[in-house]
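# Need coordinates for the following:
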Amino acid sequence: MGVGAPVDLHSVLGAAAAGGSAIDAELAPAKCVGWSPSGAAAPEGWAGEWAAEGITQFSVPLGGPDFVEAAVKRVAAEQGALVGAIGALPAEQLQSQLLLLRQCAGPRANYWLRALPVAAGARLAGTVDADERAVLGRLLFDVRDSAATREAALERAALPTAMGG
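Sure, this is the predicted structure:
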């Protein structure tokens, strides 16, 4: 990733191409994206994509608050759909459901949480946790379980496995 004035981006691509050729790699300008938070136009001769609103790099949104918020909402919806699909598996698949929630659905958002601004990460974490708790609650409890029992079990389930989760 290079940061600088749009007119200087040619030197960034040139340096990246030179560095790549030194290790027998080729730069793909069509996969290069320039972003101007001020909305400036792409520099003349720019071979890659150009964005004024924001970009997503390595699955993490870089841009203004509205761009990041839209990406967080999209990931939260995708996460909710995944958790919902896990919860919709047949009842005889309980062990698979629990493993998928623990090993697949839970860790999926961790990369985003490390890279997002704190407030956006908190919103994503809250949504992910609520979705997973709801599905886990439907899988493990019935009307005979008290609210206190449910809450205690869900809090314990959120712990790492080594700590009894």
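
# Now L100: closest residue in space that isn't a chain neighbour?
In space, not counting the residues next to it along the chain, L100 is nearest to I86; the distance is 4.7 Å by Cβ to Cβ, 6 or more residues apart in numbering. Yep, even glycine has a C-beta here, placed from its N, CA and C like the rest.

# Give me the mean pLDDT for stretch 141-161.
Across stretch 141-161, the average pLDDT comes to 89.

# So which bits of stretch 8-24 are buried?
L9, L13, A16, A17 (16 or more other Cβ atoms under 10 Å).

# Need those in TSV (columns: pLDDT and distance to R123).
Converted to TSV, those look like this (pLDDT from 0 to 100; distance: Cβ to Cβ, whole Å):
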residue	pLDDT	distance to R123
L9	75	32
L13	76	35
A16	81	34
A17	81	39
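
# Out of the residues you listed, which two are the most distant from each other?
L9 and A17 (12.4 Å; Cβ to Cβ).

# Poorly predicted segments of the protein, please.
For the chain, applying pLDDT under 70 flags the ranges 1-3, 57-58, 106, 165.

# If you count neighbours, what's buried in stretch 72-83?
V72, V75, A76, Q79, G80, L82, V83.

# hang on, I meant stretch 48-63
For stretch 48-63, by 16+ other Cβ under 10 Å, it's G48, W50, A51, A52, G54, I55, P61, L62, G63.

# what's the domain layout of the protein?
Domain segmentation of the chain under automatic domain parsing yields 6-52, 63-163.

# The residue nearest to L100 - how many residues pack around it?
21 (other Cβ atoms under 10 Å).

# Likewise for D131?
D131, neighbours per other Cβ under 10 Å, totals 21.

# So in terms of bridging, what pairs with T56?
P61 (DSSP bridges).

# Quick check: the residue lying farthest from the centre of the chain vs R150, distance?
Residue distances from the centre of the chain (Cα atoms, centre = their mean) peak at R144, which lies 36.6 Å from the mean C-alpha position. With the distance defined as Cβ to Cβ, to the nearest Å, R144 ends up 11 Å from R150.

# Next: A70.
Noted for A70: a distance of 34 Å to R150, by Cβ to Cβ.

# what are the ranges of the strands in this protein?
33-35, 49-51, 54-57, 60-63 (DSSP state E).
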